[in-house]
Each structure stands twice: as structure tokens, then as C-alpha cells.
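>>> Any chance you can model this:
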Amino acid sequence: MMKLTHWLAGIAFAATTAGAVQADAIKDAVASDKRTAEYAARDGFRHPAETLEFFQVKPTMTVVEIWPGGGWYTEILSPLLQAEGKLYAAHFPKETEVGYFKRSRENFEKKLADNKDAYEKVVMTEFAPGQDLEIAPAGTADAVLTFRNVHNWMRGDNEAAAFKTFYKALKPGGVLGVVEHRAKPDTSREDMMSSGYMTQDYVVDLATKAGFVLEEASEVNANPKDTAVHPKGVWTLPPRLALGDEDKEKYQSIGESDRMTLRFRKPKS
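Numbers count the residues shown, from 1 in each chain. Sure, this is the predicted structure:
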């Protein structure tokens, strides 16, 4: 009995130590002085360290970041994974007629080229829901992460296709991490499309239909000040502030949107 007790204690200690190492690595990446100051200033709303810990991201993982935009999370994920892991940045397609997509991708490519030491192991791929594009070789990713993107795919009626792509890229047992603006329960599809806020039940249903299992939901990115009802939807709030100076102080006092943070798992069998 004593040997069993010692064995169990050893397992618990090892797990605790591994968790501490993971948390320290994430915190070091978040605290890096190489991050864009403007991005780091938003940590109080986006809680990157707590979010990545919740998604169980480890320095040894192969991670796919979906639509990284200007690289807000890339600035954290790249140094975190650089030594032992791998980061796929699944950006907008190179061949696109959408001006915003084209500019965003070009700016991201320039960011990587101008900081080769920081991003030398970032592999750029392409993602467009509904198109047959490979975000990573099938069954190779330990984690797929998407931050505030699902509402965009709904506008093109491609949100279900997106989750199927994520499922294909992940290993059995892999994690899908989703952060999304959160609408009040029973919000209509029409209102979700116009506001940029989505109900948590809808996002869970999307993932479940794609084959995922909801493992846990976190309130780490919740904002109780946000009513989710604004003149120009979620874009009324920072950082966009779509109304300009109109009621600017009011919306700044609310801060960034109320967000769901969901961890899904691809079943092992």
C-alpha cells in the first residue's frame, strides 16, 4: 500500500511540475518585450496567458492559428513553440479578390519577413471555410485555435465547413480552442450575423456536429459590462470604436466584448 501511495504521489508531483513548466513558458512568451506595445496593452481584455493555459497549449505542440490577422496571438505563440513545437499560421488565401484579406495577409507576411529570428519556424498556410485548403497536414495538429472569427464565417454561411476543416487537421485527442463574442441566449441568426455576437449554444452545436466533444467552458474572457446590444454591433466597442468619438468614453468604459472561451476535444476513437 505504501508503494502505491508513493507511486500516486509521484504521478501527481510530475503532473503538477509539468503544469507549472507549461504556465511559466506561456507567461514568459506573454511578457516578452518583443511584442508590439499596442498589442500587449490589450492583455487585460484578452487574458492570453490564462486563455492558452486553459487551451492546454504546451511548448512541444503543433498548433494551428486560424486567421491570425495582424499577429496578435502569433507574437505569443511563435516564441512559445519555437524551440520544440510548430506553428501553422492559417491566414487568408493568397489568391483573393477581397481587398481586406489581401492587405492583411501582405502585412502579416511582411511582419514575418522583418523579424525572421522571431518567426523563422512559422509555417504559413491558407484557410477559407468551404474551400479545399490544407491548414496543416491531416491528423497532425495537437491544437487548432481560433480567436473571434466564427461570426465572420456565419456571414458567408460557411461556419459548419470551418469546423470540419479543424477536425480534419487535428490528431485524435487534439484540442480545438474557440474564443468568440457572446450573444445573449436565444439571439436570432439574423441578429448574430448583423451584430458579430454569437450564442454559446450555437457555437457548441457547430463543434458537436463536426464531431467534437465540449470538454470545458471558461469565463476567463467574460465581460459582464457588455450588454451585447450596440448600434454597430460588437464593432461599437474597443478596439474598433465604430462610432468614432460618439459616446467614446462610454464604450471605452465597457471595454472589449463579452466572450465565450471553449475547449473542445477530438475523440481518440
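>>> show me where the stretch 101-250 of the chain has helices.
Ranges of helices within the stretch 101-250 of the chain are 116-119, 150-155, 159-169, 189-195, 200-209, 248-254, based on DSSP state H, counting those that start in this stretch.
>>> can you list the residues that contact the first one?
Put plainly, it is helix 116-119. Helix 116-119 has contacts (C-beta atoms under 8 Å, 6 or more residues apart in numbering) with 34, 74-75, 78-79, 82, 111-112. For glycine as for every other residue, the C-beta is placed from the backbone atoms N, C-alpha and C.
>>> Regarding the chain, what is its longest strand?
Longest strand in the chain by number of residues (criterion: DSSP state E): strand 170-181.
>>> Within the sheet, what are the partner strands of that one, with directions?
Using DSSP bridges, the strands paired with strand 170-181 are strand 141-147 (parallel), strand 259-265 (antiparallel).
>>> mean confidence score for it?
Averaged across strand 170-181, pLDDT comes to 98.
>>> how far out from the middle of the chain is it?
Mean-position distance between strand 170-181 and its chain equals 9 Å (C-alpha atoms, centre = their mean, to the nearest Å).
>>> again, but for stretch 127-141
From the chain centre to the centre of stretch 127-141 is a distance of 16 Å (C-alpha atoms, centre = their mean).
>>> and what of stretch 45-53?
10 Å.
>>> cool, and stretch 250-264?
For stretch 250-264, the distance to the chain centre is 13 Å (C-alpha atoms, centre = their mean).
>>> What are the buried residues along that stretch?
Residues of stretch 250-264 classed as buried by neighbour count (16 or more other C-beta atoms under 10 Å): 251, 254, 256-264.
>>> for stretch 91-104, same thing?
Quick answer for stretch 91-104 (16+ other C-beta under 10 Å): 91-93, 101, 104.
>>> Ok, stretch 61-76 next?
61-69, 71-76.
>>> now do stretch 79-89
Using 16+ other C-beta under 10 Å as the test for burial, stretch 79-89 gives 79-82, 85-89.
>>> quick check, nearest of the residues you listed to P238?
Taking C-beta to C-beta as the measure, P238 lies nearest A89 of those, at 24.7 Å.
>>> Got the phi and psi for the closest one?
Backbone torsions of A89, given as degrees, to the nearest 10, read phi -100, psi 100.
>>> ok, it - contacts?
The neighbourhood of A89, defined by C-beta under 8 Å, 6+ apart, consists of 65, 68, 71, 74, 108, 122-125.
>>> and it, how far is that from T125?
Distance from A89 to T125, counting by C-beta to C-beta, to the nearest Å: 7 Å.
>>> How about Q22?
In this view, Q22 and T125 are 25 Å apart by C-beta to C-beta.
>>> again, but for G70
Distance, G70 to T125, using C-beta to C-beta: 17 Å.
>>> about what we covered before: tell me which of the helices of the stretch 101-250 of the chain sits nearest to N223.
helix 248-254 (7.3 Å).
>>> what's next to that closest one, contact-wise?
Under C-beta under 8 Å, 6+ apart, the answer for helix 248-254 is 223, 225-226, 230, 236-238, 241, 243.
>>> quick check, nearest of these to A169?
Looking across these and measuring by C-beta to C-beta, the closest to A169 is N223, at 30.3 Å.
>>> Excluding covalently adjacent residues, which one is nearest to the closest one?
D258 (4.2 Å; C-beta to C-beta, 6 or more residues apart in numbering).
>>> List the residues that contact that neighbour.
Contact analysis of D258 by C-beta under 8 Å, 6+ apart lists 181-182, 221-226, 228.
>>> Filter the residues you listed down to just the buried residues.
Judged by 16+ other C-beta under 10 Å, buried ones among these: 181-182, 221, 223, 226, 228.
>>> S32: which element?
Counting by DSSP states H and E, no helix or strand carries S32.
>>> Tell me the spacing between it and L237.
Shown here: S32 relative to L237, a distance of 27 Å by C-beta to C-beta.
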